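**Q** Sequence plus predicted model, see below.
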Amino acid sequence: MKDRYILLTGSKNNAGDFLIKHRAKKLLSTLRSDREILDWNVWEPFDEEKLSIVNASRALILTGGPALQKNMYPGKYKLSSDLRAIKTPIVSMGIGWSCERGEWRDIHDYTLTPQTHALLSQMQEHGIMSSVRDYHSLHVLLSNGYKNTLMTGCPALYSLEHVAQSSVERDEIKRIGFSLGVSMRHSHSMFVQMQEVALLLRRLFPKAQIETVFHHSLEPQKAQVANKIRAVQQHFVAWLEREGFGYVDISGSAEALIEYYSEVDLHVGYRVHAHIFMNSISKRSVLINEDGRGKALEKVIGGVSFAAYDAISDSKIIKSLSRLSTRISRHTPNRHLLRDLEDALIYEQEHGIKLAQPRSEIDRHFPLMQRFIAQLP
């Protein structure tokens, strides 16, 4: 038996996925320096050689992302075609649910396949605690009878240099990162909303440098997930250039995300991991929620966040049409968003109470992440 962990991570292009991997490896290498870490791609099934390496390791760790899905296995995690061939303990670290609407009531209608139940049951057999990133995900598991779980928060929440050490910065806002969402991929109404948010930021902060931040690549040669939204992103770039806005592509690595957001004074936008990172280093951030990840995160760290839309269509016809044309919108935009966002930004500029809340909540949850990592075999 080797003193090592096998991490399965899912980073391809999205900068946020790289951040999860980066922070998870940092936590494990620091808090469990007695273990070597091997990082493998989540989408690659185990061959005989990989299976042998897994079974000679202390644990197989399913790491981060919205991996607690209906078809978690073998849809998200390919693993082995025979789960019972995996003899080493399997645990999760900071995984979360994937729910577009994301209301609390949705946890009770969150069905899992028999194969996913088989995986979760096997994870429970070894008596080792797993970890999820939010309370919605915790209660999905609890309601299905899986009790061996700690709500540790996402690994990306924890910058070891900042935990329990920093108050939230209150410097003058000179540079703003506006992270662009992905809901505009199928909804013209969300495309328009994102334009309106950018214009609002310019009106509220006329002296600040405002840049739109792309977490998925703008480059056509970078395939995979990014190509699904590349065309609509290019339309947004054209609009930004006409309006005189700057923009930046930080896709493809944790380092690009870390380097960029470390230099901004305020983040406003749709990317959950931009919001997570800013709060992790004690900087100001406002999240506009596109799905259940952000809504669940708010229940963990608090702070300032608003829903991007009031309703979303579940109609199969509307879904199909929206894939054919962005002019067909599944989303009914939040009609109060711009007003609420303006009021919050003005108020927090003066008082800064809610923007500071995540710092204390991250610190409050960190001992649970430490406990989870300490009890790993």
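**A** Everything's here; your move.

**Q** helices or strands up against the lengthiest helix in the chain?
**A** Using DSSP state H to define each element, the chain has its longest helix at helix 353-374. Secondary structure elements in contact with helix 353-374, counted by 3 or more C-beta pairs under 8 Å, 6 or more residues apart in numbering; DSSP states H and E, are helix 15-31, strand 149-151, helix 272-280, strand 284-289, helix 292-301, helix 337-350. C-beta here means a position set from N, CA and C on the backbone, and glycine is covered the same way.

**Q** my guess is I95 meets R133, correct?
**A** Yes - shown here, I95 and R133 form a contact pair, counting by C-beta atoms under 8 Å, at 6.6 Å.

**Q** Most tightly packed of the helices and strands packed on helix 353-374?
**A** helix 272-280 (a mean of 28; mean count of other C-beta atoms under 10 Å).

**Q** what is the rounded mean pLDDT of that one?
**A** If you average the pLDDT over helix 272-280, you get 97.

**Q** do stretch 178-187 as well
**A** 91.

**Q** same deal with stretch 245-265?
**A** Mean predicted confidence for stretch 245-265 is 96.

**Q** Could you tell me the end-to-end distance of it?
**A** Stretch 245-265 has an end-to-end distance of 17 Å (C-alpha to C-alpha, to the nearest Å).

**Q** how far is it from where the chain is centred?
**A** 16 Å (C-alpha atoms, centre = their mean, to the nearest Å).

**Q** got it, and stretch 196-211?
**A** With C-alpha atoms, centre = their mean, you get 25 Å for stretch 196-211.

**Q** which parts of it are buried?
**A** The neighbour-count check on stretch 196-211 (16 or more other C-beta atoms under 10 Å) flags V197, A198, L200, L201, R202, L204, F205, A208, I210, E211 as buried.

**Q** Nearest to N14 among the residues you listed?
**A** E211 (18.3 Å; C-beta to C-beta).

**Q** got the contact list for that closest one?
**A** R175, I176, G177, F178, F245, G246, Y247, V248 (C-beta atoms under 8 Å, 6 or more residues apart in numbering).

**Q** among the residues you listed, who's most crowded?
**A** Using other C-beta atoms under 10 Å as the neighbour criterion, F178 leads those with 27 neighbours.

**Q** Look up how far R242 lies from that residue.
**A** 16 Å (C-beta to C-beta, to the nearest Å).

**Q** Same question for R284.
**A** Separation of R284 from R242 (C-beta to C-beta) stands at 29 Å.

**Q** Quick one: end-to-end length of stretch 31-38, please.
**A** With C-alpha to C-alpha, one end of stretch 31-38 sits 16 Å from the other.

**Q** Stretch 159-175 too?
**A** Stretch 159-175: ends 22 Å apart by C-alpha to C-alpha.

**Q** before we move on, what about stretch 94-102?
**A** End residues of stretch 94-102 are separated by 17 Å (C-alpha to C-alpha).

**Q** Then stretch 127-140?
**A** OK, stretch 127-140 end separation, C-alpha to C-alpha: 19 Å.

**Q** can you give me the strands for the chain?
**A** For the chain, the strands defined by DSSP state E cover 4-9, 36-41, 59-63, 90-93, 130-132, 149-151, 175-179, 209-214, 246-249, 266-269, 284-289, 304-307, 309-312, 331-333.

**Q** how about these in JSON lines, adding distance to D47?
**A** As requested, the strands of the chain are exported to JSON lines (distance: least, C-beta to C-beta, whole Å):
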{"stretch": "strand 4-9", "distance to D47": "14"}
{"stretch": "strand 36-41", "distance to D47": "11"}
{"stretch": "strand 59-63", "distance to D47": "15"}
{"stretch": "strand 90-93", "distance to D47": "18"}
{"stretch": "strand 130-132", "distance to D47": "25"}
{"stretch": "strand 149-151", "distance to D47": "30"}
{"stretch": "strand 175-179", "distance to D47": "38"}
{"stretch": "strand 209-214", "distance to D47": "35"}
{"stretch": "strand 246-249", "distance to D47": "35"}
{"stretch": "strand 266-269", "distance to D47": "41"}
{"stretch": "strand 284-289", "distance to D47": "40"}
{"stretch": "strand 304-307", "distance to D47": "43"}
{"stretch": "strand 309-312", "distance to D47": "40"}
{"stretch": "strand 331-333", "distance to D47": "42"}
